[in-house]
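Visitor: structure for this input, please:
(2 chains)
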Protein chains: 2
Amino acid sequence: MLVIGEKINASIKSVGQAISNKDQNFLANLAVAQADAGADYIDVNAGVGQDAREDASAIMKWVIDVVQNATDKPVCIDSDDPAVLEAALNKYRGEAVMINSVNAEPERLESVGRLAADRKASLIALVMKEEGIPRTVEERLNAAEIIIKHLTHLGVQEDKIYFDPLVLPISVDSTQALITIKTIEQIKSRYPSAKTAMGLSNISFGLPNRGMVNRSFMLMAASAGLDAAIMNPLDARIMSLVKVAAMLTDKDPRCKGYIRAHRKGLLID
Amino acid sequence: MLVIGEKINASIKSVGQAISNKDQNFLANLAVAQADAGADYIDVNAGVGQDAREDASAIMKWVIDVVQNATDKPVCIDSDDPAVLEAALNKYRGEAVMINSVNAEPERLESVGRLAADRKASLIALVMKEEGIPRTVEERLNAAEIIIKHLTHLGVQEDKIYFDPLVLPISVDSTQALITIKTIEQIKSRYPSAKTAMGLSNISFGLPNRGMVNRSFMLMAASAGLDAAIMNPLDARIMSLVKVAAMLTDKDPRCKGYIRAHRKGLLID
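Guide: Numbers count the residues shown, from 1 in each chain, chains lettered A, B, ... in the order given. Got it, this is the predicted structure:
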């Protein structure tokens, strides 16, 4: 499973402050720490530009530059705004790059899809339309169908599409974990070349012991075929379980990665 | 998921000694501790009768009696020998009872199946024939088909059959966890009333950090629909994850069981 490191996100207070204060070291260290901990992509969410003197694109470009100067790991550019995504894609020098995210809204599909096709970027696509997160598997699959048709028509390759099956809190609706799991299974079965990616922490919203719930959900999703998770790579316990998940889903032949991690003292139970 | 407490097993040295020494307190305490920790069934494996003065049936009957005097939790009678199973079933007073185990061998199916039908007992059925554990899903499903045909013909109800999908070590063959998972899914899909049950620890044979691997595998199997696990209920961490698994597989409406466990301080991360 690919690990998309979630820590460089302006909604985290210390990160938002570092961006406001142009604290390059703080952000560079956070990028390197995530890379060293095993992140495959570094998500970059630079917020929406609270300062009137600078627009969101300029801030995003600055953070992208800090990150690409700190690590060779590819970035995952995280913004709702196609203009910000475009600015960041132009600024970023790396070959591999991911966009986070698009959904089934035709206008956004068109503008962000074109960016992804031009740049040969991977693209996280939320399986929802304008109306918000659908509660059923069927509605999520309908959105997936709209997305894949539109994106492949624009020239995005199927294996560059990372469908986000969407996660609603289990505390609000006890069926939601299985709905996410079934959505992953169905997407993998209908579009064998396409990928799946999601954040984990929504599942445990409103519950105690959230880490335990998030880790359990990751293992269940991995078993269903999840390809990538947006998560905290600085959490050694979930990173250990990412290795277990790879081993148990036949992605770690002869358990080599698992045993190597054990020898390095990286398996934290 | 039903928890079948595995601790009263003569192959565990202290338990084997307690059985030899007729140490009633030791065994009664072990039964009560497992029941208090949340076991739904108490597995009873009394060994094979090492003492020439007593046969295996007499020893099993004695242990069953100790356990049923200590706790009201139903027992899961664990023996390869139909005569021992029959003696234990006659001795045991409880209404609910489970037999562990039968497989697809016609003779054993016939004799043990008759016992189960007469006693209306639940029955763990290993999806294998005489030749040993099949490596593929298809062969395991063939064995399941033989088993369910024979048992239902004898009058065993489908919902009393707990198919054991079988677990081979991931260190020997990296496909085996997914083979077990797919076997569970296929059995649940083909025989919607039938159940599934398995031991967990074989998966991690030969690896470091076995507990972490076993717990992860339990979560993946729960997601696939596993109904019962033969495991150590005195391990508070796996018992906590059993509660998480119930919550994430829509078996704990409004997260009540999970939150109750949290309030009692039972969730150990």
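Visitor: got a list of what A:Asp269 touches?
Guide: Listed by C-beta atoms under 8 Å, 6 or more residues apart in numbering or on different chains, the contact set of A:Asp269 reads A:237, A:240, B:209, B:211-212. Glycine gets a C-beta too; all of them are placed from N, C-alpha and C.
Visitor: equivalent analysis for A:Ala236, please.
Guide: By C-beta under 8 Å, 6+ apart, the neighbours of A:Ala236 are A:37, A:266, A:268.
Visitor: apply 7 Å and report the result again.
Guide: In this structure, A:Ala236 makes contact with A:Ile268, judged by C-beta atoms under 7 Å, 6 or more residues apart in numbering or on different chains.
Visitor: repeat for A:Gly47
Guide: A:10, A:16, A:19, A:59.
Visitor: doesn't A:Ile19 make contact with the last one?
Guide: Think A:Ile59. Yes - between A:Ile59 and A:Ile19 there is a contact under C-beta atoms under 7 Å: 6.4 Å.
Visitor: thinking again about what came up before, of the contacts of A:Gly47, just the buried ones, PyMOL syntax please.
Guide: Written as a PyMOL command, the selection of buried residues from the contacts of A:Gly47, which uses 16 or more other C-beta atoms under 10 Å in any protein chain shown, is:
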select buried, chain A and resi 10+16+19+59
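Visitor: closest to B:Gln24 out of the contacts of A:Asp269?
Guide: Taking C-beta to C-beta as the measure, B:Gln24 sits nearest to B:Gly211 out of these, at 30.6 Å.
Visitor: report the two of the contacts of A:Gly47 separated the most.
Guide: A:Gly16 and A:Ile59 (10.7 Å).
Visitor: from chain B, how far out is A:Val172?
Guide: 10 Å (C-beta to the nearest C-beta, to the nearest Å).
Visitor: look up how far A:Ile230 lies from A:Asp72.
Guide: Distance, A:Asp72 to A:Ile230, by C-beta to C-beta, to the nearest Å: 20 Å.
Visitor: which of the two has more neighbours?
Guide: Between A:Asp72 and A:Ile230, A:Ile230 has the larger neighbour count (other C-beta atoms under 10 Å in any protein chain shown), namely 24 against 7.
Visitor: who's in contact with that one?
Guide: Counted by C-beta under 7 Å, 6+ apart, A:Ile230 has contacts A:4, A:6, A:43, A:197-199.
Visitor: beta partners of it?
Guide: A:Ile4, A:Gly199 (DSSP bridges).
Visitor: gap between it and B:Lys264?
Guide: Counting by C-beta to C-beta - A:Ile230 and B:Lys264 are separated by 33 Å.
Visitor: repeat that for A:Met220.
Guide: With C-beta to C-beta as the criterion, A:Met220 and B:Lys264 are 25 Å apart.
Visitor: more neighbours: which of these two?
Guide: A direct count of neighbours by other C-beta under 10 Å for A:Met220 and B:Lys264 places A:Met220 higher, at 28 against 8.
Visitor: next, the more buried one: secondary structure please.
Guide: For A:Met220, the assignment made with DSSP: H, G, I helix; E, B strand; the rest coil gives helix.
Visitor: for it, give me its contacts.
Guide: A:Met220 touches A:181, B:219-220, B:223, B:248, counting by C-beta under 7 Å, 6+ apart.
Visitor: so what's it closest to, chain neighbours aside?
Guide: Spatial nearest neighbour of A:Met220, excluding adjacent residues (C-beta to C-beta, 6 or more residues apart in numbering or on different chains): B:Ser223 at 3.8 Å.
Visitor: tell me how many other residues crowd the one you found.
Guide: For B:Ser223, using other C-beta under 10 Å, the count is 25.
Visitor: for it, give me its contacts.
Guide: A:181, A:220, A:223-224, B:249.
Visitor: so where's chain A shaky on pLDDT?
Guide: A:49-54 (pLDDT under 70).
Visitor: and the strands in the stretch 101-250 of chain A?
Guide: A:122-126, A:161-164, A:195-199, A:228-231 (DSSP state E, counting those that start in this stretch).
Visitor: kindly reformat the ones you listed as JSON lines and extend each row with distance to B:Leu168.
Guide: Below are those laid out as JSON lines (distance: least, C-beta to C-beta, whole Å):
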{"stretch": "strand A:122-126", "distance to B:Leu168": "36"}
{"stretch": "strand A:161-164", "distance to B:Leu168": "32"}
{"stretch": "strand A:195-199", "distance to B:Leu168": "28"}
{"stretch": "strand A:228-231", "distance to B:Leu168": "28"}
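Visitor: what is in contact with A:Ile59 and A:Ile19 at once?
Guide: What both A:Ile59 and A:Ile19 touch, as defined by C-beta under 7 Å, 6+ apart, is the set A:46-47.
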